[in-house]
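Colleague: starting from these lines, generate the structure:
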Amino acid sequence: MKWLRKEKEVLKKQMKSTPVEEQICLEALWRDLKAKHSALSRAESASKRRNQKKKTRENFFKDPFKFARQLFQQPRAGAFTVQKKRFAPQIGHSVRPGPVLTSCLFKY
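Modeller: Presented below is the predicted three-dimensional model:
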């Protein structure tokens, strides 16, 4: 894929600096490379899609209830949104906040 892309770029640059007679041949070569590149990218995306479907199917059959639960759950990763003054009294009773905990939790 990278090689085809590079070759297409080289041919485009050559077409700009050559006479009209040679441009026709270079354009034909460029069209052939473009067709190969398009076919390869379509095949690659189809393969990725097929592999993704296979992985999803395997996950479903491995544990259908877990799979269904994951479909509707909200993602848990993200930024800490509670402000420090609201959160500090609650964490102060259960965990002794040290410099590491404070720096990780309260970045703003």
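Colleague: list the contacts for the residue nearest the centre of the chain?
Modeller: Closest to where the C-alpha atoms of the chain average out (C-alpha atoms, centre = their mean) is Lys48, at 12.1 Å. For Lys48, the contact set (C-beta atoms under 8 Å, 6 or more residues apart in numbering) is empty. Glycine gets a C-beta too; all of them are placed from N, C-alpha and C.
Colleague: need the pLDDT of it.
Modeller: Here, the pLDDT recorded for Lys48 equals 97.
Colleague: with Trp3 instead?
Modeller: pLDDT for Trp3: 89.
Colleague: for the one 5 residues further on, same thing?
Modeller: Here the pLDDT value assigned to Lys8 is 90.
Colleague: now it: how far from Gln14?
Modeller: Look at Lys8 and Gln14: by C-beta to C-beta, to the nearest Å, they are 11 Å apart.
Colleague: so the two - more neighbours on which side?
Modeller: Lys8 (17 against 14; other C-beta atoms under 10 Å).
Colleague: now that one: which helix or strand?
Modeller: Taking DSSP states H and E as the criterion, Lys8 maps to helix 2-17.
Colleague: other residues contacting that helix?
Modeller: By C-beta under 8 Å, 6+ apart, the list of residues contacting helix 2-17 reads 23, 26-27, 29-30, 33-34, 36-37, 40.
Colleague: sort out which residues of that helix are buried, please.
Modeller: 8, 11, 15 (16 or more other C-beta atoms under 10 Å).
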